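1. Any chance you could fold what I've pasted below:
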Amino acid sequence: MMSDIENLVAAFDNCTLAHGEWTHAAHLTVALWYLKNYELQEAVKHISQGIQKYNVAIGIQNTLNSGYHETITLFWIQVVQSFLLSTDAKGSILQLANQLVSNFDKNLPLQYYSYDLLISREARANWVEPDLKALATDTTDVTDS
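-> As a prediction, this is how the structure comes out:
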């Protein structure tokens, strides 16, 4: 029997997840699952390509103005990866997902990026370094995919 998290990831992968269920918590949980089950670069690939595929399936175009956002995706992957390293991945994936969701508000990127930079076409299309505050950990492994 699959867990709720495995069901969420399967629905995401199969593009059967209801649009309203693709929340901030779901994004973080899917990222967590991939980062726990794959090597970093493979997880990054699954997450970024999966989001783009899912967007298309629910009718959202991935353009320079809408849909997939490279900087936000890689930012959150880095946050989740840092969280996993700092917690030493102790506890069940459900416990980790609950901690992750309760500790990281969806507006966290705005502590690192100015609004104008974050909504720029450049940031949507490519990884852009933060302009307000540096990330606490090295982003090279995440951004060199």
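2. What sits closest to Gln81 if chain neighbours are left out?
-> Leu35 (5.6 Å; C-beta to C-beta, 6 or more residues apart in numbering). Using the backbone N, CA and C atoms, a C-beta is placed for each residue, glycine as well.
3. chain center to the helix or strand that the one you found is a member of: distance?
-> According to DSSP states H and E, Leu35 maps onto helix 24-37. In terms of C-alpha atoms, centre = their mean, to the nearest Å, the centre of helix 24-37 is set 7 Å apart from its chain centre.
4. what's the next secondary structure element after that helix?
-> Where DSSP H and E defines the elements, the next helix or strand beyond helix 24-37 is helix 40-57.
5. and the next helix or strand after that next one, what's its mean pLDDT?
-> Next in sequence after helix 40-57, counting helices and strands by DSSP H and E, comes helix 70-87. For helix 70-87, the mean per-residue pLDDT is 95.
6. So which elements touch helix 70-87?
-> Counting contacts by 3 or more C-beta pairs under 8 Å, 6 or more residues apart in numbering; DSSP states H and E, helix 70-87 packs against helix 24-37, helix 40-57, helix 93-103, helix 109-112, helix 121-125, helix 140-143.
7. and the fourth one, which residues are buried?
-> Using 16 or more other C-beta atoms under 10 Å as the burial criterion, the residues of helix 109-112 that qualify are Pro109, Tyr112.
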